[in-house]
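Peer 1: need coordinates for the below:
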Amino acid sequence: MRDTKNVLFIIIDQLRADCLHGALAHHVDLPNMRAFMQEAVSFRRHFSVTNPCGPSRASILTGQYAMNHRSVRNGTPLRHDIPNIATEMRKAGYLPMLFGYTDTSQDPRVFDANDPAVKTYEFPLPGFHEMTEMRFEMSYPWQGHLMSQGYEFDDYLDLYKPVAQKGCAAQIDDPAIYAAEDSDTAFLTNNFLGKINAHHKENWFAHLTYIRPHPPLVAPAPYNKMYDPQALPLPERCDTAEEEHALHPYMQALLNSTTTADFVEGFPDLKADDDTVQKLRAIYLGLATEVDLHIGRVITFLKESGQYDNTMVVLTADHGEMLGDRHAWGKMSFFDVAYHTPLIIRAPGMAAPGGTAVDLPTESVDVTPTILDWVGQKVPNSMDGRSLMPFLQGETPEDWRDYSYSELDFAALTNPTEWQRQFGTSAGNSNLCILRDQRFTLVQFATELPPVLFDSEAKGEFENVADKPEYSADLMRMMSKLLRHRMQNMDHTLSLSTITPQGPKEFPRH
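Peer 2: Numbers count the residues shown, from 1 in each chain. Modelled structure (predicted):
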């Protein structure tokens, strides 16, 4: 084993945790990720602290809750001076290489209004060196590759439309225009493997981010029909969408905000019948299997090049996906599947045996502190997360949290959302936060909407028990815990520093 310490940090976009452990795990083939789990530590109660993509990645990469970094929507700028994984890895002597995207909206105070950096929400996080641009709405290198291979398309979105078979009407599970060897997933992996090997004599840090299985749901053959829709379990839901409305006022706006047609290109009148829902679920799982194949290529490369035993590999997702559960799609909800993500970590020198599963709650803000801890770089006090290194060493911290916390902003500044129109809320109070402990889940709103309380020992997420008298003490306890959490985790960038006659002194947060 060489003295170098490398880090490969992989994020898969919109991969549900239950694809690896849970409801869908027995219905999707992910052999490479499952094999990696047997060599690593898996965190089974891992949750994103915010959604959707931009805010979630801002939290992962800065280690901050959304209430502190405040980049709360796709397109909301992230302050340029917040420490993040790239800026801190540079302090440790690493060049932070980005293969893919971070969905970071830039701080307009440090760019001219005409700068391309402030005309897209998909710019790289400050500090990263963009090795391969694979921004979802751009992906110019991939487009160029497809053109060089002879593919013809008039518009970029044509790449996400299923291609009708000769003489037949188009179907949602028809294949993509490109072959599997030319997919965005294959192209990104080829670029990573083609470039990273040149860095084998030095410490390297690479952030590899796959867009799949994020919609539009279209897959190249054979992944488009890899799974039989009729063999898959139906989504977890009430019999009708109307029955879901009774759970909470939020639900009607949720179900009106997205439809099945929003998740596939070229079918604007798509109906949400069971046949359609199951086909889309099957395509999603096919895309997940395609990503798994290429993650297997990456792990094999590390092993065959002799770098596996000096490379920390972190594998996670930015958030989950409703996938028809509760008649909903996307991630703009308060249900667990929208936030519950896989987290699998293997670190050379870890004492915990491969295959270890941790069932204590962990959060997406813990990932960056863990990486910094492993390379020996100080974790800034601004970071709300905690290092998971004790778990990798087979230890359980006595003061570890017994809950997880998430937030969601459901506003839009330029075009009010369904929630804003229905509730008359503003951009300032169109948000909610979620606290999950071993038994209960509390959802609290900033506006005058009633809270939600789920009891996992009763009907779980199918019954809101917040207004039941017998739960009043539990509701108060969860609200008190939520308030304490927010009070204890307000921004600590400078609050643990003090000015003295000898100069400023800083005290550690954890």
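
Peer 1: which element is the closest residue to residue 183 other than its chain neighbours on?
Peer 2: In space, not counting the residues next to it along the chain, residue 183 is nearest to residue 220; the distance is 5.1 Å by CB to CB, 6 or more residues apart in numbering. Backbone N, C-alpha and C define where each C-beta goes, glycine included. No secondary structure element spans residue 220, as it lies outside all helices and strands (assigned by DSSP states H and E).

Peer 1: surely residue 220 touches residue 184?
Peer 2: No - using CB atoms under 8 Å, residue 220 is not in contact with residue 184, being 9.6 Å away.

Peer 1: what about this structure, any weak spots by pLDDT?
Peer 2: Counting by pLDDT under 70, the chain contains low-confidence residues at 1-2.

Peer 1: so where's the longest helix in it?
Peer 2: Scanning the chain for the longest helix, with DSSP state H as the assignment, gives helix 274-304.

Peer 1: return the list of strands paired to the following helix or strand past it, each annotated with direction.
Peer 2: Beyond helix 274-304 in the direction of the C-terminus, DSSP H and E gives the next helix or strand as strand 311-317. The sheet places strand 311-317 alongside strand 6-12 (parallel), strand 343-346 (antiparallel), with pairing taken from DSSP bridges.

Peer 1: in TSV: those, plus mean neighbour count and distance to residue 504.
Peer 2: Rendered in TSV, the data for those read as follows (neighbours: other CB atoms under 10 Å; distance: least, CB to CB, whole Å):
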stretch	mean neighbour count	distance to residue 504
strand 6-12	24	30
strand 343-346	24	34
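
Peer 1: okay, those in CSV with distance to residue 74 next?
Peer 2: Putting those into CSV (distance: least, CB to CB, whole Å) gives the following:
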stretch, distance to residue 74
strand 6-12, 16
strand 343-346, 23
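
Peer 1: residue 215: neighbour count?
Peer 2: Using other CB atoms under 10 Å, residue 215 has 22 neighbouring residues.

Peer 1: likewise residue 158?
Peer 2: Residue 158 has 15 neighbouring residues, counting by other CB under 10 Å.

Peer 1: so what's the backbone phi/psi at it?
Peer 2: Recorded main-chain torsions at residue 158 are phi -60, psi -20, according to degrees, to the nearest 10.

Peer 1: what do you get for residue 434?
Peer 2: With angles defined as degrees, to the nearest 10, residue 434 shows backbone torsions of phi -130, psi 130.

Peer 1: so it touches residue 334, yeah?
Peer 2: Yes - using CB under 8 Å, residue 434 and residue 334 qualify as a contacting pair, with a distance of 5.5 Å.

Peer 1: quickly list what's touching both of the two.
Peer 2: In terms of CB atoms under 8 Å, 6 or more residues apart in numbering, residue 434 and residue 334 are both contacted by the residues 408, 443.

Peer 1: about what we covered before: for residue 225, which of the strands paired with strand 311-317 is the nearest?
Peer 2: Taking CB to CB as the criterion, strand 6-12 is the member of those that comes nearest to residue 225, at 21.5 Å.

Peer 1: quick check: bridge partners of residue 345?
Peer 2: Each beta-bridge partner of residue 345 is listed here, defined by DSSP bridges: residue 41, residue 314.

Peer 1: for it, which residues are in contact?
Peer 2: Shown in contact with residue 345 (CB under 8 Å, 6+ apart): 40, 41, 43, 312, 313, 314, 315, 370, 388, 392.

Peer 1: same list (those) but as JSON lines, adding distance to residue 327 and neighbour count.
Peer 2: Rendered in JSON lines, the data for these read as follows (distance: CB to CB, whole Å; neighbours: other CB atoms under 10 Å):
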{"residue": "40", "distance to residue 327": "35", "neighbour count": "23"}
{"residue": "41", "distance to residue 327": "35", "neighbour count": "23"}
{"residue": "43", "distance to residue 327": "29", "neighbour count": "26"}
{"residue": "312", "distance to residue 327": "40", "neighbour count": "21"}
{"residue": "313", "distance to residue 327": "37", "neighbour count": "22"}
{"residue": "314", "distance to residue 327": "34", "neighbour count": "22"}
{"residue": "315", "distance to residue 327": "30", "neighbour count": "25"}
{"residue": "370", "distance to residue 327": "36", "neighbour count": "24"}
{"residue": "388", "distance to residue 327": "35", "neighbour count": "27"}
{"residue": "392", "distance to residue 327": "39", "neighbour count": "23"}
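
Peer 1: let's have these in a markdown table, adding distance to residue 178.
Peer 2: As requested, the contacts of residue 345 are exported to a markdown table (distance: CB to CB, whole Å):
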| residue | distance to residue 178 |
| --- | --- |
| 40 | 32 |
| 41 | 36 |
| 43 | 35 |
| 312 | 33 |
| 313 | 28 |
| 314 | 29 |
| 315 | 25 |
| 370 | 36 |
| 388 | 38 |
| 392 | 39 |
